[in-house]
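*Asks:* Below are the sequence and a predicted model for it; my questions follow.
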Amino acid sequence: MNILLLGYGKMGKVIEGFAISRGHNIVARIDLNNRHEFEALSSGDVDAVIEFSHPSSGYSNVKACIEKGFPVVCGTTGWLEHKPEIDKLTQEKGGAFFYSSNYSIGVNIFFQLNKLLAKIMNPHKQYSLSTVEIHHTEKKDSPSGTAITLAEGIIENLDGRETWVNNQIAEENEVPIWSQREGKVPGTHIIKYISDVDQIEILHQAHSREGFALGAVVAAEWIAGKKGVFSMQDLLGEINL
Ligand SMILES: NC(=O)C1=CN([C@@H]2O[C@H](COP(=O)(O)OP(=O)(O)OC[C@H]3O[C@@H](n4cnc5c(N)ncnc54)[C@H](OP(=O)(O)O)[C@@H]3O)[C@@H](O)[C@H]2O)C=CC1
Ligand SMILES: O=C(O)C1=N[C@H](C(=O)O)C[C@H](O)C1
């Protein structure tokens, strides 16, 4: 496949390694310095774009891809208030758009565990909820996209929670997300339920960026030739990562 990398930072570089090792050709590596190379490409040149850039450019990058007829796999976080517009544009243009706040198989298992645990905790009001996300100090957005997806999974399943707040302390109807920035941590997410007598905790800790990157390349392979708006739920069950 001909893959275009839109955003060539920490993630773009790890994605490149997996794409090449799986036999793909990298059409171009676009960052802020060479946007003209993106403008020059047309739909025949690109089978899929993998977009990992910056919270401020995720929306405009994905929009430009859909308008050019490029299938796009996006991992950029921090722009999701605009996702409904992109979903609509994708349908109107007959395009293909794949989004996940986290492409690792482990985190997607963790998303399911989190929902199940929230449902189980409903009758047990003596437990107070806290959530923590820890990332490297270069991370641009807070809270992490993954922490927001986890909070949404809790809101769907734990009675009385209506919204999330990016704070250690929360109202009863809120899910607290405590963001910590430390060294080079690739990504750690913790969900805790604490009572006076004990504590239940689930944790996902990425050891590197490789799980995110491999998932994004597999999503690009999967989206080629498809039309519509997709997520990891569409892909899981069909593949072995
Ligand atoms: N969904 C997932 O599984 C994961 C998502 N992410 C998300 O991916 C994003 C990128 O992360 P990461 O690679 O660590 O970040 P980096 O800061 O290391 O890299 C970002 C890259 O994007 C480039 N860039 C900035 N603006 C634009 C633009 N308008 N067009 C094209 N490229 C641009 C930057 O260029 P320059 O250097 O010139 O500024 C840089 O090369 C973040 O939002 C992060 O949260 C990260 C890991 C996993
Ligand atoms: O910026 C990062 O590094 C990461 N971002 C994603 C997020 O915001 O959830 C995924 C992963 O945790 C790493």
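*Replies:* In hand now; what should we look at? Numbers count the residues shown, from 1 in each chain. Ligands and ions are numbered 1, 2, ... in the order given.
*Asks:* Per the annotation, how does the protein divide into domains?
*Replies:* For the chain, the structural domains run 2-103+209-235, 105-205, going by automatic domain parsing.
*Asks:* and those domains, which is most packed in?
*Replies:* Comparing those by mean neighbour count (mean count of other C-beta atoms under 10 Å), domain 2-103+209-235 comes out on top with a mean of 19. Placement of C-beta: from N, CA and C, glycine included.
*Asks:* That one and ligand 1, any residue contact?
*Replies:* Yes. Domain 2-103+209-235 lies within reach of ligand 1 by C-beta under 6 Å from any ligand atom, at 6-12, 30-33, 52-55, 57, 61, 75-78, 100-103, 212.
*Asks:* Ramachandran coordinates for the residue nearest the centre of the chain?
*Replies:* By C-alpha atoms, centre = their mean, the chain has its centre lying nearest to residue 101, at 1.4 Å. Dihedral pair for residue 101: phi -70, psi -20, per degrees, to the nearest 10.
*Asks:* One more: residue 174?
*Replies:* According to degrees, to the nearest 10, residue 174 has phi -110, psi 150.
*Asks:* Ok, residue 4 next?
*Replies:* phi -100, psi 130.
*Asks:* pLDDT on the longest helix along the chain, on average?
*Replies:* Using DSSP state H to define each element, the chain has its longest helix at helix 105-120. Here helix 105-120 scores 97 as its mean pLDDT.
*Asks:* And the pLDDT for the closest residue to ligand 1 within the chain?
*Replies:* Of all residues in the chain, residue 9 sits closest to ligand 1, with a separation of 1.8 Å (C-beta to the nearest ligand atom). As predicted, residue 9 sits at a pLDDT of 98.
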